[in-house]
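Student: Provided below are the primary sequence and the corresponding predicted coordinates.
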Amino acid sequence: MNSFVIFEISCLKSNSERAKFFLTEIAGGTSAMNMANLHEYFTTYHRPVWAEIDLDGIEHNLREFRRILPAQTQIMAVVKADAYGHGAYQVAQTALQSGASWLAVALVEEGICLRRKGITAPLLLLGISAPGTEHAVLEHDLRPMVCTVESARRFSECGQAMQKTVQFHLKLDTGMGRVGVRPDNLPTLLDTISDLPNLEMEGVFTHFAKADETDKTYSHLQIRRFQECLHRIRQGGFAPRFCYLANSAGTMELPDAHADMARIGISLYGMYPSAEVDPAIVHLKPVLCWKTRVVHLKTLPPGEAVSYGGLFVTQRPTVVATLPVGYADGFRRRLWKQHWHVLIRGQRAPIIGRICMDMCMIDATDIPGVMVGDEVVLIGSQGAETILADDMATALDTINYEITCLVGKRVPRIYRRQGEIIGIESLLGEHAA
Ligand SMILES: *Cc1c(COP(=O)(O)O)cnc(C)c1O
């Protein structure tokens, strides 16, 4: 497991369209099979589009949260949606090595996936476990979220059948209006739970709707409701070990909400929950870079159309560079209309014409010396320029969360730790480390 391999990736300059990868085994233990697979993958199949995941950034961001949290507050790393597009397994491993003691995902499948890869840390399901999934949940030692009488019954029955005590986390809806029991329905739910065997209320939590906004009035109302519910719960004879409220924004901006645990999602990945939170509270480093290379170059005379619909027409002799990335990879079609750009040779170059499913074109006329094989940054830094997921989100009138979540599964994730590549995940599976 811990035999390390360094892959020195060097790309053929100039007119080769294919990245070439040199693999060097440094510490033994990697099977010849792996090496052969990797070599085959990168020399035979690889399209030059990839996301680099800086796992040191995960460690850094967690250290920042540790610095502002009381010592007794545990950290739950939220790795749902494949760790917001970063890769759930590698992020979970790194987070657990870097101070997080809990994990959270949305789906039963996401939890099972992590268990199959050997993750043993306590793992909370944030979403509703559909009727019929109870056995799978308990078999994989996942902590279900419970907020209805029906789900409490189902888990109790399944727990009896499996002769297990079900450690569940009760979700309170203090103002999000999504999942969770409303305070007025709490007494009935508590009565039911008290009467049911094989249930143990291990946690109680709620979720903020507006912790990322400057005005914290609503969050304070939610905290107050949470405390009232907690009082009821304790009066009912329950003694949950973990009572907790905060997401990333709440953890940064609401010390009153630190409690027993903090659920850190977006900021684990080095992004701020919104432009309204104070960025001075924790210093975050973005974890994901998204890159590609020029695969084709041509010069078009003035008056020629580019891409579907011919909506972009050249006004001058134009060097058109084709990139092998498109909306099926999450490079959103609407970016062209937003006059979006990419980084190449340290400069910004505009997208021209509609973004296609697997390709798009940029105007490289003003990029001296541009060549096939040149690295292009979609998200990340090059030279003195940077494009943040936040910038792309603003252009698309959405939030940074959505940008990284939508980086498609066709884009291999290359994981770096202390400067070295420790693993690669692609459509063809996982490689090495
Ligand atoms: C996604 C989610 C989080 C994480 O929120 P961030 O804003 O990404 O930190 C926390 N709690 C619940 C219930 C969630 O669904």
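Tutor: Nice, thanks for sending it over. Numbering: from 1, shown residues only.
Student: Would you mind listing what in the protein touches the ligand?
Tutor: By the criterion of C-beta under 6 Å from any ligand atom, the positions of the chain lying close to the ligand are 78, 80, 126, 207, 247-249, 263-266, 273. (Each C-beta comes from the backbone N, C-alpha and C, glycine too.)
Student: switch to 8 Å and redo it
Tutor: Counting by C-beta under 8 Å from any ligand atom, the positions of the chain adjacent to the ligand are 78, 80, 84, 104, 106, 126-127, 171, 205, 207, 211-212, 247-249, 251, 263-268, 273, 401.
Student: what about the helices in the stretch 51-200 of the chain?
Tutor: Defined through DSSP state H, counting those that start in this stretch, the helices belonging to the stretch 51-200 of the chain, from first to last, are 55-68, 80-84, 88-97, 108-116, 134-139, 149-161, 186-195.
Student: distance of residue 335 from residue 305?
Tutor: For residue 335, the distance to residue 305 under the criterion C-beta to C-beta, to the nearest Å works out to 19 Å.
Student: actually residue 322, sorry about that
Tutor: 15 Å.
Student: for residue 127, same thing?
Tutor: 46 Å.
Student: Take the residues of the chain next to the ligand and keep only those in strands.
Tutor: 78, 104, 171, 205, 263-264 (DSSP state E).
Student: Where is the longest helix in this structure?
Tutor: Scanning the chain for the longest helix, with DSSP state H as the assignment, gives helix 217-235.
Student: And it, what's buried?
Tutor: Using 16 or more other C-beta atoms under 10 Å as the test for burial, helix 217-235 gives 219, 222-223, 225-226, 229-230, 233.
Student: mind putting those residues in a markdown table, distance to residue 339 and pLDDT included?
Tutor: Output for the buried residues of helix 217-235, formatted as a markdown table (distance: C-beta to C-beta, whole Å; pLDDT from 0 to 100):
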| residue | distance to residue 339 | pLDDT |
| --- | --- | --- |
| 219 | 36 | 98 |
| 222 | 39 | 98 |
| 223 | 42 | 98 |
| 225 | 45 | 98 |
| 226 | 44 | 98 |
| 229 | 49 | 98 |
| 230 | 50 | 98 |
| 233 | 53 | 98 |
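Student: between the residues you listed, which is nearest residue 412?
Tutor: Of all the buried residues of helix 217-235, residue 412 sits closest to residue 219, with 39.2 Å by C-beta to C-beta.
Student: Can you get me the start-to-end distance on stretch 376-396?
Tutor: Between the opening and closing residues of stretch 376-396 we find a distance of 20 Å, counting by C-alpha to C-alpha, to the nearest Å.
Student: got the contact list for that stretch?
Tutor: Surrounding stretch 376-396, the residues in contact under the criterion C-beta atoms under 8 Å, 6 or more residues apart in numbering are 52, 271-272, 275, 286, 288-294, 321, 323, 325, 331-332, 334-335, 338, 340-348, 362, 375, 399-400, 402-404.
Student: From the residues you listed, which land in helices?
Tutor: Counted as lying in helices by DSSP H, out of the contacts of stretch 376-396, are 400, 402-404.
Student: circling back: higher neighbour count, residue 127 and residue 305?
Tutor: Neighbours around residue 127 and residue 305, counted as other C-beta atoms under 10 Å, are more numerous at residue 127. The numbers are 17 against 13.
Student: Rounded mean pLDDT for stretch 383-400, please.
Tutor: The average of the pLDDT scores along stretch 383-400 is 98.
Student: So which bits of it are buried?
Tutor: With burial defined by 16+ other C-beta under 10 Å, the residues of stretch 383-400 counted as buried are 387-390, 392-393, 395-396, 399-400.
Student: Relative to residue 70, which of those residues is nearest.
Tutor: Minimum separation from residue 70 among the buried residues of stretch 383-400 (C-beta to C-beta) is found for residue 400, which lies at 27.6 Å.
Student: so the closest one sits right up against residue 267, yeah?
Tutor: No. Contact criterion C-beta atoms under 8 Å: residue 400 and residue 267 do not qualify, at 10.3 Å.
Student: wait, what's in contact with residue 196?
Tutor: Contacts for residue 196 were tallied using C-beta under 8 Å, 6+ apart; they are 152-153, 156.
Student: ditto for residue 101
Tutor: Counting by C-beta under 8 Å, 6+ apart, residue 101 has contacts 74-76, 121-122.
Student: Give me the distance between residue 86 and the ligand.
Tutor: Using C-beta to the nearest ligand atom, to the nearest Å, we find residue 86 at a distance of 12 Å from the ligand.
Student: Tell me how many other residues surround that residue.
Tutor: Taking other C-beta under 10 Å as the criterion, the count of residues near residue 86 is 27.
Student: Verify the stated contact: it with residue 405.
Tutor: No. Counting by C-beta under 8 Å, residue 86 sits too far from residue 405 to count as a contact (9.4 Å).
Student: tell me what the longest helix of the chain is packed against?
Tutor: Taking 3 or more C-beta pairs under 8 Å, 6 or more residues apart in numbering; DSSP states H and E as contact, the helices and strands that helix 217-235 lies on are strand 166-172, helix 186-195, strand 199-206.
Student: And the pLDDT for the residue nearest to the spatial centre of the chain?
Tutor: Within the chain, the residue whose C-alpha comes closest to the C-alpha centroid is residue 84; the distance, by C-alpha atoms, centre = their mean, is 1.6 Å. pLDDT for residue 84: 98.
Student: ok, now which ones touch it?
Tutor: Counting by C-beta under 8 Å, 6+ apart, the residues that residue 84 touches are 265-266, 269, 401, 404-405.
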